[in-house]
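A.B. asks: predicted coordinates and the sequence they were generated for:
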Amino acid sequence: MAAPLQSPQAPHRNRRPPAHQPLNQPPWAVHLGRHGETAEHLHGKQLIMDWARNQPHIFPWSVEEEFWVPGARLRSDVKAELVSGRQLAFEVQRKPLDRKDWDRRHGGYENGGVRDVWLWSPDVRELVVDLPLTSVVMDMAHDSIGVLVANYAAGYRHPTAEGHILRPTHYAAAPLAEWGISASGALAPPPDMAEYIGDKPEQARLAQLKAHREAAARPPKSAWQPPDASSNHYQSSASGWSPSEREQQRQREAIANIFGRNR
């Protein structure tokens, strides 16, 4: 059953309390692992690997960590292979990622025929909004996965479920054990998630995301300003605005054409 909505705000896990207070933190929140990885990141990868090996549409022996994707120059945190032969890549993302970097990695996976799933920490405020089941929150403190949602008139919904995209402010979570993987490699949420995800077709969501990103990338339109003293048509005078020399010449030529003589 889906848990109440959660707000993806940093709980300050790495802040040490005063000496008289006991340290009430999971062991993976502070220590560093191999290759500079945090133990939190290692713990997240282990959670996904254990979960993936129990999925009926995944070959258990295919689940590995730190796997280089052939031809894409990308290394996924966890990889798996579907019984259909398609490759999956799971990215356990515990820190912000620039939109261009995400586009590069996501595009690389797509070009390589790999389906990628992004599992964001609830501590990351600026998450990349994508399809509801491609970019999700993984809360390791509660072993749960959540769908990003924003507050619309009809209630909390994934941004692509409505007619316009809002920045997500919460996530609707359910235990990791209640999630699955479909035969196509998509995350399969528990039934209670349907109200947050909606039933809009995937292609319509992709078109909406593309239009939203293109609009955000356009430079803002400059506001209209009245002509100043450097205008080609008007110049300032003590009595107000008067025609410039070029405009006065145009007026003389027009009058000459009308009366057939020069003035």
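C.D. replies: That came through, no problem. Numbering: from 1, shown residues only.
A.B. asks: can you map out the strands along the stretch 51-200 of the chain?
C.D. replies: Secondary structure of the stretch 51-200 of the chain (DSSP state E, counting those that start in this stretch): strands at 64-69, 74-81, 87-93, 114-120, 135-139, 144-152, 155-157, 170-175, 180-181, 187-188.
A.B. asks: check which strands are paired with the second one and give the direction for each one.
C.D. replies: When sheet partners are counted by DSSP bridges, strand 74-81 sits next to strand 64-69 (antiparallel), strand 87-93 (antiparallel).
A.B. asks: what sits up against the longest one?
C.D. replies: Counting contacts by Cβ atoms under 8 Å, 6 or more residues apart in numbering, the residues outside strand 87-93 that touch it are 41, 44-45, 48, 52, 58, 67, 69, 74, 76-82, 105, 109, 112-121, 124, 138, 181, 185. Every residue, glycine included, has its C-beta placed from N, CA and C.
A.B. asks: let's see that with 6 Å instead.
C.D. replies: 41, 44-45, 48, 76-81, 109, 114-120, 185 (Cβ atoms under 6 Å, 6 or more residues apart in numbering).
A.B. asks: now do the first one
C.D. replies: Contacting residues not belonging to strand 64-69 are listed as 45, 75, 76, 78, 79, 112, 114 [Cβ under 6 Å, 6+ apart].
A.B. asks: buried subset of these?
C.D. replies: 45, 76, 78, 79, 112, 114 (16 or more other Cβ atoms under 10 Å).
A.B. asks: want to throw the strands of the stretch 51-200 of the chain into JSON lines with mean pLDDT and distance to residue 212?
C.D. replies: Below are the strands of the stretch 51-200 of the chain laid out as JSON lines (pLDDT from 0 to 100; distance: least, Cβ to Cβ, whole Å):
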{"stretch": "strand 64-69", "mean pLDDT": "81", "distance to residue 212": "27"}
{"stretch": "strand 74-81", "mean pLDDT": "91", "distance to residue 212": "25"}
{"stretch": "strand 87-93", "mean pLDDT": "93", "distance to residue 212": "21"}
{"stretch": "strand 114-120", "mean pLDDT": "93", "distance to residue 212": "17"}
{"stretch": "strand 135-139", "mean pLDDT": "94", "distance to residue 212": "14"}
{"stretch": "strand 144-152", "mean pLDDT": "93", "distance to residue 212": "13"}
{"stretch": "strand 155-157", "mean pLDDT": "93", "distance to residue 212": "15"}
{"stretch": "strand 170-175", "mean pLDDT": "93", "distance to residue 212": "19"}
{"stretch": "strand 180-181", "mean pLDDT": "96", "distance to residue 212": "28"}
{"stretch": "strand 187-188", "mean pLDDT": "94", "distance to residue 212": "22"}
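A.B. asks: looking at these, which is closest to residue 257?
C.D. replies: strand 144-152 (62.8 Å; Cβ to Cβ).
A.B. asks: distance from the chain centre to the closest one, please.
C.D. replies: 13 Å (Cα atoms, centre = their mean, to the nearest Å).
A.B. asks: so it versus strand 170-175, what angle?
C.D. replies: Using axes from the mean of the first three to the mean of the last three Cα atoms, to 10 degrees, one finds that strand 144-152 and strand 170-175 are set 150 degrees apart in direction.
A.B. asks: switch to numbering from 49
C.D. replies: Happy to do that; since the first residue is 49 now, the last one works out to strand 192-200.
A.B. asks: and strand 192-200, what does it pack against?
C.D. replies: For strand 192-200, the packing partners by 3 or more Cβ pairs under 6 Å, 6 or more residues apart in numbering; DSSP states H and E come out as strand 183-187, strand 218-223.
A.B. asks: compute the inter-axis angle for the longest one and strand 183-187.
C.D. replies: It refers to strand 218-223. 60 degrees.
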